[in-house]
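Peer 1: turn this into a structure:
(4 chains)
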Number of protein chains: 2
Amino acid sequence: MISKRDQILDIAERGYRQGGFAGLSFRDIAAALDMKSASVHYHFPHKEDLGKAVVERYTDNLLDNLGAPDAADDSVKIRLARLVEAYRAAYAEGESSCLCAVLGSVSPQLPPAVQEAVNSYFTRLVTWTETALSGAKPNTSLSAAHIISALQGAMILSVAMGDAHYLDDVAEDLAKKSGA
Amino acid sequence: MISKRDQILDIAERGYRQGGFAGLSFRDIAAALDMKSASVHYHFPHKEDLGKAVVERYTDNLLDNLGAPDAADDSVKIRLARLVEAYRAAYAEGESSCLCAVLGSVSPQLPPAVQEAVNSYFTRLVTWTETALSGAKPNTSLSAAHIISALQGAMILSVAMGDAHYLDDVAEDLAKKSGA
DNA sequence: TATTAATTACCTATCGATAGGTAGGTATCA
DNA sequence: TGATACCTACCTATCGATAGGTAATTAATA
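Peer 2: Coordinates of the predicted model:
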């Protein structure tokens, strides 16, 4: 049985990804769970608390799914394929953006704790990708920041145009460049 | 002398880029221009009208700055440099995202007219880039969608991390790949 | 074991602030 | 005189947040 707290986090994550931080209210969440907004405040006193918790859980879940970036029995290609697949799956469920693309693009206007959580998301993800890349042939034009940028951008294009092919193209391109 | 309508558009563009569509109100705009919110409604009756106008002007301005994508006396490298420079300049003034990255990422929740304007932005920009790219050596791994994705993503990283180097790196990489 | 104390997870009701939007009046011009 | 560009004054709906209360569960104690 899934705790009410986690249900709130689920609704909030979906809501933020679809409409941004300012686009989802305590009442929206309460309505979706058939409860009162005051009860949502019980679990997360301030909106900043909720935003922070959503982003942190999102980050932890993603890194869990990605697994170790330095497992000896994985190739660079396999590691990057896991990364790309995570983004494709995220888009596929609900045709919505990466949470941290949505939030990161308006970072200056976010509550400090949420800002920091988003910052941490990107830091951890770039670090993961850098580690995953170590051992790649140096002549390949792959860099961690470039890969994350390309995925984030393609996700936005796909959402804005309602067409997954932008993300698919980047996936294919990355698969090719990461060799056999 | 700059018309009040254009001043509203200026404020709205900056506001949307920093805080998203839901993050800027008629009252915010009025306060910034030392007028009343009812007067903003005089120029743009509904928020949807304002959003649409902001995106359309943004798109037109960008394409104006980019110039013709098929001028005979320009190389592919020069054209792409203009594109990249437009994005770097957009970030530099206010360290804020591309308007259509902010809006596009929450597209499903935007008023229809704004959604269409954002869609049109990406369509026109990808078309421009495709034309600008024609004539490039086919062995280069450059595609219009990839370039736009990379720029949008890097811009988000730069805004979220408060560090322009993500955008700079993509710029450098693109310059290298587009040959002499 | 029975009683008490605390805690959990909600509720109703309300706060001041703010959202988008409107009706109708007023000053300034061609 | 009529259009333009504002204004005052207001509306309804919603925002995040808080106060105060209640039933059910759990922990501690006599």
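Peer 1: so does stretch A:161-176 get close to chain B?
Peer 2: Yes - using Cβ under 8 Å from any Cβ of the partner chain, stretch A:161-176 reaches chain B at A:Met161, A:Gly162, A:Tyr166, A:Asp169, A:Val170, A:Asp173. Every residue, glycine included, has its C-beta placed from N, CA and C.
Peer 1: of those, grab the buried ones for PyMOL.
Peer 2: To isolate the buried members of the residues of stretch A:161-176 next to chain B in PyMOL, using 16 or more other Cβ atoms under 10 Å in any protein chain shown:
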select buried, chain A and resi 161+166+169+170+173
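Peer 1: which one among the residues of stretch A:161-176 next to chain B gets closest to A:Ile78?
Peer 2: Each of the residues of stretch A:161-176 next to chain B was checked against A:Ile78 using Cβ to Cβ; the closest is A:Asp173, at 16.6 Å.
Peer 1: ok, the nearest residue to that closest one once chain neighbours are set aside to A:His41 distance?
Peer 2: Excluding the flanking residues, the one nearest A:Asp173 by Cβ to Cβ, 6 or more residues apart in numbering or on different chains is B:His146, at 6.4 Å. According to Cβ to Cβ, to the nearest Å, B:His146 stands 44 Å off from A:His41.
Peer 1: next: A:Ala81.
Peer 2: For A:Ala81, the distance to A:His41 - Cβ to Cβ - is 42 Å.
Peer 1: follow-up on the earlier one: quick check, the residue nearest to A:Asp173 in contact with A:Val170.
Peer 2: Yes - between B:His146 and A:Val170 there is a contact at 6.6 Å, judged by Cβ atoms under 8 Å.
Peer 1: intersection of neighbour lists for the two?
Peer 2: A:Ala150 (Cβ atoms under 8 Å, 6 or more residues apart in numbering or on different chains).
Peer 1: so who does the residue most central in space within chain A touch?
Peer 2: Residue closest to the mean C-alpha point of chain A, counted by Cα atoms, centre = their mean, is A:Cys98 at 4.3 Å. Listed by Cβ under 8 Å, 6+ apart, the contact set of A:Cys98 reads A:Arg17, A:Tyr87, A:Ala90, A:Leu151, A:Gln152, A:Met155.
Peer 1: repeat that with 10 Å
Peer 2: A:17, A:58, A:62, A:86-87, A:90-91, A:104, A:121, A:125, A:148, A:151-152, A:155-156, A:159, B:105, B:153, B:156 (Cβ atoms under 10 Å, 6 or more residues apart in numbering or on different chains).
Peer 1: contacting residues around A:Tyr30?
Peer 2: Rather than Tyr, residue A:30 is Ala. For A:Ala30, the contacting residues are A:Ile8, A:Ile11, A:Lys36, A:Ser37, A:Ala38, A:Ser39, A:Val40, A:His41, by Cβ under 10 Å, 6+ apart.
Peer 1: what parts of chain A come near DNA strand D?
Peer 2: Applying Cβ under 7 Å from any atom of the strand, one finds that chain A approaches DNA strand D through A:Leu24, A:Ser25, A:Phe26, A:Arg27, A:Asp28, A:Ser37, A:Ala38, A:His41, A:Pro45, A:His46, A:Lys47, A:Glu48.
Peer 1: verify the stated contact: the second one with A:Ile11.
Peer 2: Just to be clear, that refers to A:Ser25. No - under the criterion of Cβ atoms under 10 Å, A:Ser25 is not in contact with A:Ile11, lying 11.2 Å apart.
Peer 1: now do the shared contacts for those two.
Peer 2: In contact with both A:Ser25 and A:Ile11: A:Ala31, A:Val40, using Cβ under 10 Å, 6+ apart.
Peer 1: show the backbone phi and psi for the residue in chain A that DNA strand D sits nearest to.
Peer 2: Closest residue of chain A to DNA strand D, Cβ to the nearest atom of the strand: A:Ser25 (2.9 Å). Per-residue torsions, A:Ser25: phi -110, psi 160 (degrees, to the nearest 10).
Peer 1: which elements pack onto the longest helix anywhere in chain A?
Peer 2: Counting residues, the longest helix in chain A under DSSP state H turns out to be helix A:112-133. Contacts defined by 3 or more Cβ pairs under 10 Å, 6 or more residues apart in numbering or on different chains; DSSP states H and E place helix A:112-133 against helix A:47-66, helix A:76-92, helix A:99-104, helix A:144-161, helix B:144-161.
Peer 1: so, low pLDDT: which residues of chain A?
Peer 2: By pLDDT under 70, the low-scoring segments of chain A are A:136-140, A:180.
Peer 1: flag every residue of it that's near DNA strand C.
Peer 2: Counting by Cβ under 7 Å from any atom of the strand, chain A comes close to DNA strand C at A:Ser3, A:Lys4, A:Ala30, A:Asp34, A:Met35, A:Lys36, A:Ser37, A:Ala38, A:Ser39, A:Tyr42, A:His43.
Peer 1: show the buried residues in these.
Peer 2: Judged by 16+ other Cβ under 10 Å, buried ones among these: A:Ala30, A:His43.
Peer 1: how near is the residue nearest to A:Asp173 to A:Ala144?
Peer 2: Between B:His146 and A:Ala144 the computed distance is 17 Å (Cβ to Cβ).
Peer 1: cool, and A:Asp173?
Peer 2: Computed as Cβ to Cβ, the A:Asp173 to A:Ala144 distance reads 16 Å.
Peer 1: likewise A:Ala32?
Peer 2: The spacing between A:Ala32 and A:Ala144, counted by Cβ to Cβ, is 36 Å.
Peer 1: contacting residues around the host helix or strand of A:Leu174?
Peer 2: If you go by DSSP states H and E, A:Leu174 is part of helix A:165-177. Outside helix A:165-177, the residues that touch it by Cβ under 10 Å, 6+ apart are A:76-77, A:80-81, A:83-85, A:87-88, A:90-92, A:136, A:140-142, A:146-147, A:150-160, A:164, B:122, B:126, B:141, B:143, B:145-146, B:148-150, B:153.
Peer 1: thanks a lot, see you next time.
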